[in-house]
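S.K.: Sequence plus the predicted model coming up.
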Amino acid sequence: MTRQETARLLSVLKAAYPAFYRDMSRSDMESVLALWQDFFSDDPYPLCAAAVKALIASDEKGYPPTIGQVQAQLRRLSNPTRMTEAEAWALVKSAMRDALYHAPQRFDALPPPVRRAVGSAAVLRQWAMDDSYAQAQFARSYRDAAAQHEFDQLPQSVKNALFETHSTQGGLLHE
């Protein structure tokens, strides 16, 4: 979002929650604008506006949403059908039934996050032959894929800061 779009978004919040913003000085509002701009600079305005409107519409407490609440809503709007580990495993288990003879087709039919966790059609075929450790392997991979997805959702400035922190401390951070 641009600075102007961020200001528009904050105007919506100010209109929806006038009591919260009533006594805020111009200097304080500039600080809020700068903070929100920093957190949402990588996000498209229409999606941010939709997230804020959804949070306003579902608010029952009378407080404006926080940056974290808006970011969580953005993730929900961007990934409305994110499945649980158990749901993903059920898809893999179903694909394994026919994977001995049709592993590439069954692998390609899996949703992208599940394919990423499985790894390849060869792995799917191997699990079809012996699934004694498959579920545990899949669960680890799926959690890692979900964590990577969460990392990918962070603003670029936060990822850069994490990378700089880890590189100066000798750690390794995969982006």
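M.R.: In hand now; what should we look at?
S.K.: how close does the most far-flung residue of the chain relative to its centre sit to Leu110?
M.R.: The outermost residue of the chain, judged against the average C-alpha position, is Tyr101 (35.2 Å), by C-alpha atoms, centre = their mean. Applying C-beta to C-beta, to the nearest Å, the value for Tyr101 to Leu110 is 17 Å. C-beta: built from backbone N, CA, C; applies to glycine.
S.K.: What are the buried residues along the longest helix anywhere in the chain?
M.R.: Determined from DSSP state H, the single longest helix within the chain is helix 134-152. Under the neighbour-count criterion of 16 or more other C-beta atoms under 10 Å, helix 134-152 has 134, 137-138, 141-142, 145-146 buried.
S.K.: What score does Thr6 have for pLDDT?
M.R.: For Thr6, the model assigns a pLDDT of 97.
S.K.: Let me see the confidence value for Trp104.
M.R.: For residue 104 the amino acid is Pro, not Trp. At Pro104, the model reports a pLDDT of 96.
S.K.: cool, Ala54 as well?
M.R.: pLDDT, Ala54: 89.
S.K.: Same check on the one 3 residues further on?
M.R.: We note a pLDDT of 88 for Ala57 in this prediction.
S.K.: From Pro65, how far off is it?
M.R.: Ala57 is 11 Å from Pro65, by C-beta to C-beta.
S.K.: So for the longest helix of the chain, could I get the coordinates as PDB, restricted to C-alpha?
M.R.: Provided in PDB are the C-alpha atoms of helix 134-152 (Å, rounded to 0.1, in the frame of the first residue of the first chain):
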ATOM      1  CA  ALA A 134       4.700 -42.000   6.000                       C
ATOM      2  CA  GLN A 135       2.300 -40.200   8.300                       C
ATOM      3  CA  ALA A 136       5.000 -39.000  10.700                       C
ATOM      4  CA  GLN A 137       7.200 -37.900   7.700                       C
ATOM      5  CA  PHE A 138       4.300 -36.100   6.100                       C
ATOM      6  CA  ALA A 139       3.300 -34.400   9.300                       C
ATOM      7  CA  ARG A 140       6.800 -33.000   9.800                       C
ATOM      8  CA  SER A 141       7.000 -31.800   6.200                       C
ATOM      9  CA  TYR A 142       3.600 -30.300   6.300                       C
ATOM     10  CA  ARG A 143       4.300 -28.400   9.500                       C
ATOM     11  CA  ASP A 144       7.600 -27.100   7.900                       C
ATOM     12  CA  ALA A 145       5.700 -26.100   4.700                       C
ATOM     13  CA  ALA A 146       3.100 -24.200   6.900                       C
ATOM     14  CA  ALA A 147       5.900 -22.500   8.800                       C
ATOM     15  CA  GLN A 148       7.500 -21.500   5.500                       C
ATOM     16  CA  HIS A 149       4.200 -20.200   4.300                       C
ATOM     17  CA  GLU A 150       3.900 -18.100   7.500                       C
ATOM     18  CA  PHE A 151       7.400 -16.800   7.000                       C
ATOM     19  CA  ASP A 152       6.500 -15.900   3.300                       C
END
